[in-house]
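J.: heads up, no residue letters with this:
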């Protein structure tokens with residue numbers, strides 16, 4: 001995490017945006033007091049969706065919801 005004064009940040013916005021998009025957290029200060037935190041909303045390194053990852057590995061039998069024989073009258 002790095003910090004920068006707001007007067008410098010105004011002149012370096014493009015560079016700061018690229019740093020944030022690459023995972024860096026930038027604290028923008030005014031008079032050495034934290035004012036803003038610049039971070040990316042979405043990281044390049046997020047894991048992919050896991051939806052459907054077990055396809056063809058896990059299956060449900062056709063009679064899954066059929067009554068069990070031992071409970072029938």
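T.: Structure's in. What do you need? This is a predicted model, so every value here is computed, not measured. Residues are numbered from 1 along each chain as shown.
J.: how about residue 34, secondary structure?
T.: Per DSSP: H, G, I helix; E, B strand; the rest coil, the secondary structure class of residue 34 is strand.
J.: that one: neighbour count?
T.: Counted with other CB atoms under 10 Å, residues neighbouring residue 34 total 10. For glycine as for every other residue, the C-beta is placed from the backbone atoms N, C-alpha and C.
J.: same check on residue 66?
T.: Other residues within reach of residue 66, judged by other CB under 10 Å, total 8.
J.: got the contact list for the longest helix belonging to the chain?
T.: As assigned by DSSP state H, the longest helix anywhere in the chain is helix 13-21. Residues from elsewhere that reach helix 13-21, judged by CB atoms under 8 Å, 6 or more residues apart in numbering: 2, 4, 9, 26, 38-40, 44.
J.: quick one, which of the residues you listed are buried?
T.: Using 16 or more other CB atoms under 10 Å as the burial test, these include 4, 9, 26, 38 as buried.
J.: just give the nearest non-adjacent residue to residue 6, would you?
T.: Computed as CB to CB, 6 or more residues apart in numbering, the closest residue to residue 6 that is not its neighbour in sequence is residue 30, at 4.9 Å.
J.: now the helices for the protein?
T.: 6-11, 13-21.
J.: pLDDT below threshold where in this protein?
T.: The model of the chain has pLDDT under 70 over residues 43-46, 72-73.
J.: which parts of stretch 33-52 are buried?
T.: Neighbour counts over stretch 33-52 (16+ other CB under 10 Å) mark residue 38 as buried.
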